[in-house]
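Colleague: Here is a sequence together with a model predicted from it:
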Amino acid sequence: MVKVEFLGPINKEDMNLEINNLKQLSEILKNDSAVSTWLETCAVAVNDTLINSKDIILNDGDKISLLPPVCGG
C-alpha cells in the first residue's frame, strides 16, 4: 500500500492505493476529474525525492507527492 498526497491547489484528499509503479497511478488518476487536469504539469516525488521516470518500482509504505507548479514572488 502506498500513500498518494496532493499538494497545493489540487483539491483532493490523500489516497492509499495498492499499486506497484507510477504508470498504474497515472492510469487511476487520469480518470479523476479533480486531478486529471494537473497531471501534465505536476512534479512527482517518491518519499520526498523528485523523480523523472514512471518506471520506478514502488514498495509498501512509500509516499508519492504530486506537486503542482506554483508562482512565487
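Modeller: Yep, that arrived.
Colleague: Would you agree Leu22 is in contact with Asp62?
Modeller: No. In this structure Leu22 lies outside contact range of Asp62 using Cβ atoms under 8 Å: 10.3 Å. Glycine gets a C-beta too; all of them are placed from N, C-alpha and C.
Colleague: More neighbours: those two, which one.
Modeller: Shown here are Leu22 and Asp62; by other Cβ atoms under 10 Å, Leu22 has more neighbours (20 against 15).
Colleague: And the pLDDT at that one?
Modeller: Leu22 carries a pLDDT value of 93.
Colleague: What sits closest to it if chain neighbours are left out?
Modeller: Lys54 (4.1 Å; Cβ to Cβ, 6 or more residues apart in numbering).
Colleague: tell me which element that neighbour is part of?
Modeller: When elements are assigned from DSSP states H and E, Lys54 belongs to no helix and no strand.
Colleague: Give me the distance between Asn16 and Ser53.
Modeller: For Asn16, the distance to Ser53 (Cβ to Cβ, to the nearest Å) stands at 23 Å.
Colleague: picking that back up, overlap in contacts of Leu22 and Asp62?
Modeller: Shared contacts of Leu22 and Asp62 (Cβ atoms under 8 Å, 6 or more residues apart in numbering): Val46.
Colleague: which ones are touching Arg18?
Modeller: Slight slip there: residue 18 is Glu, not Arg. Met1, Val2.
Colleague: So it versus Ile28, what's the distance?
Modeller: 11 Å.
Colleague: mind checking the SS state of the residue nearest the centre of the chain?
Modeller: By Cα atoms, centre = their mean, the chain has its centre lying nearest to Leu66, at 3.9 Å. At Leu66 the chain is in strand, as set by DSSP: H, G, I helix; E, B strand; the rest coil.
Colleague: next one: phi and psi at the residue nearest to it when sequence neighbours are not counted?
Modeller: The shortest distance from Leu66 to any non-neighbouring residue, by Cβ to Cβ, 6+ apart, is to Cys42 (4.6 Å). Main-chain torsions, Cys42, degrees, to the nearest 10: phi -80, psi 140.
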